[in-house]
Every structure is written in C-alpha cells, then in structure tokens.
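Participant: Okay, predicted coordinates and the sequence, questions at the end:
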Amino acid sequence: LVTIEFSNERNCTALHGFTMQIPQNARVTSLDMNLTDGCTLSSEIAPEQNAQDTFNKSFTTGRPAAILTASDATQYPIRVSVPAGGNTKVHIAYEELLQLQQDKVSFQIPLSPGLDVGNLSFDLSVEEPS
C-alpha cells in the first residue's frame, strides 16, 4: 500500500501529480482517497477517455478526484485534484507475485517518487497461496 498526502492551502482547487513506479510483476488493485471531511472515495476502472473526462469535470468544478493510468507495466502517472483548503490522502494498493528460489523470496521496492518525501515507511505483507 502506497499512501501519499496532498495539502492545498490555496483558495482554489490544486492539481498535484507524479509518476508512481511499481515492480515489473505487480499490478495495481485499488485506489482510495480519504478527504478532509472524513469521506472516502473508492476507485473504479473506466475506459481511459471516460476517466479523463470525469477527472477533468471534477477538477474544473473544485471537487476531489484522482486518476491513475498506466504508461507501461511499471510506470503509473497519477493526478490528484484537491479542493481549496483541503487535504487528501491517496492510498494505492498493488500486489506482486513473488518467486520462491532456494527457500528465499526476493523483491524490490522502487524508490523514485519524483517529489519531496517528508516521511517514508513500508509495511510489507507476504502471504502463501492456499
């Protein structure tokens, strides 16, 4: 789970963006936003043009929104619309199929967020298939 917090101290809607990198064998499973008012918005998969239109409409009307697209198997540009005076936490979950080799599992966590990171932490969960 990747969590990024965005703040907007301006009196108009702010647009934030960056490119998230995930491992080669991973896939994004969800995107949720926790808003200043305590509400949570959950993601839905949509055709890219429909998603872009919905995001643009939310941004231009000052509503919170996020759009995550895939530019390739590992690069995921994300844009976040944060209303005036608001704070938004974006949670992006992804899963990766890990390979067991000689009783060891290895993995890499990509670290190039493209923006200043004030606090960085990892919570890793490895589960065996049943």
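Facilitator: Perfect, I can see it now.
Participant: in the protein, which spans are helices?
Facilitator: For the chain, helices defined by DSSP state H occupy the ranges 48-60.
Participant: most distant residue from the middle of it?
Facilitator: Q102 (33.4 Å; CA atoms, centre = their mean).
Participant: List the contacts of that one.
Facilitator: By CB atoms under 8 Å, 6 or more residues apart in numbering, no residues touch Q102. The C-beta positions use only the backbone N, C-alpha and C, and glycine is treated the same way.
Participant: What residues are bridge-paired with the residue positioned nearest the centre of the chain?
Facilitator: The C-alpha lying nearest the average C-alpha coordinate of the chain belongs to I92 (CA atoms, centre = their mean; 3.8 Å). When assigned by DSSP bridges, I92 has beta-bridge partners V2, L31.
Participant: That one contacts L31, correct?
Facilitator: Yes - assessed by CB atoms under 8 Å, I92 is found in contact with L31 at 5.2 Å.
Participant: Noted, bye for now.
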